[in-house]
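# Here is a sequence with its predicted model. Questions after.
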Amino acid sequence: MKPSIIGRAIQFWQVELPYHDSVDMALDYVLPRIEFANDKPVDIEQAAFAVGSKRWHEIQHDDTVAHTLHIFEPDGSYILSHEGNVLTGEWRMVNPHTLTIKMEKLPQHELFDLFFISPTYLVLKKHGSHSQKYLFLGVEHHAVNKTSYENLQSLYSIRNQNLITMAIILFVVFVLVLICWILFF
């Protein structure tokens with residue numbers, strides 16, 4: 001059954017992220033709702049601050065899973081640290097919206113789309129059908145002490161901040177139109 005107009009309006013302004021069975025399912029819910037934060041596809045110019053000194057913590061549904069860090073160096077080297085055990089490789093941009101990751105000890109390359117990026121979160125979408133659809137990363141100092149739900153809620157709050165900004169802008173425009181109407185008519 002399709003929700004009523006009132007139900008859809010309430011759902012649109014919902015502040016709390018509804019529960020989902022996996023991080024991938026939650027990202028499928030969240031990303032379309034914050035998509036308008038990116039007015040164009042994410043590209044390498046936006047991704048420039050993702051490399052270098054940032055250590056990206058991998059956010060998974062099971063918060064008891066080992067601590068995994070991803071480090072993208074400006075020279076194209078890539079470091080994957082899983083519970084302190086390090087694998088090295090390289091990353092490179094295939095085009096402005098897609099990157100590959102190649103591990104030295106593994107024969108395959110992985111292909112990802114840059115799906116969403118902010119100063120705090122990076123979402124890469126893996127090509128093909130896999131058990132894990134997204135690589136959801138948060139800046140280590142911000143994400144490491146939070147549960148996956150808390151990190152997803154922080155990502156979802158980007159949408160709420162955009163909605164509040166949009167509501168304020170619409171209110172100011174309405175007030176200006178009202179003032180002009182009163183003064184000139």
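Nice, I can see it.

# so where's this structure uncertain?
For the chain, the stretches flagged by pLDDT under 70 are 1-15, 35-50, 53, 63-65, 129-131, 159-166.

# Looking at it, which helix is longest?
Of all the elements of type helix in the chain, the one with the most residues (DSSP state H) is helix 148-184.

# Figure out how far that helix is from the centre of its chain.
Computed by Cα atoms, centre = their mean, to the nearest Å, the chain-centroid distance of helix 148-184 equals 21 Å.

# any idea which helix or strand carries Tyr29?
Using DSSP states H and E, Tyr29 maps to helix 23-34.

# Going by neighbour count, which residues of that helix are buried?
Val23, Asp24, Ala26, Leu27, Val30, Leu31, Arg33, Ile34 (16 or more other Cβ atoms under 10 Å). Heads up, the C-betas are built off the backbone N, CA and C, glycines and all.

# Now do that helix: everything it contacts.
When contacts are defined by Cβ atoms under 8 Å, 6 or more residues apart in numbering, helix 23-34 is touched by residues 17-18, 20, 59-61, 115-116, 123, 132-134, 136, 148-149, 152, 155-156, 158-159, 162.

# Give me the buried entries from the residues you listed.
Judged by 16+ other Cβ under 10 Å, buried ones among the contacts of helix 23-34: 17, 20, 59-61, 115-116, 123, 133-134, 136, 148-149, 152, 155-156, 158-159.

# Alpha carbons of the helix holding Tyr29, in CSV - could you do that?
C-alpha atoms of helix 23-34 as CSV (Å, rounded to 0.1, in the frame of the first residue of the first chain):
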residue,chain,number,x,y,z
VAL,A,23,25.1,-1.0,6.0
ASP,A,24,24.5,-1.6,2.3
MET,A,25,20.7,-1.4,2.8
ALA,A,26,21.0,1.7,4.9
LEU,A,27,23.2,3.4,2.3
ASP,A,28,20.7,2.5,-0.4
TYR,A,29,18.2,4.4,1.7
VAL,A,30,20.4,7.3,2.7
LEU,A,31,22.4,8.1,-0.4
PRO,A,32,19.4,9.1,-2.7
ARG,A,33,18.2,11.4,0.1
ILE,A,34,21.5,13.2,0.3
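
# Cool, thanks, talk later.
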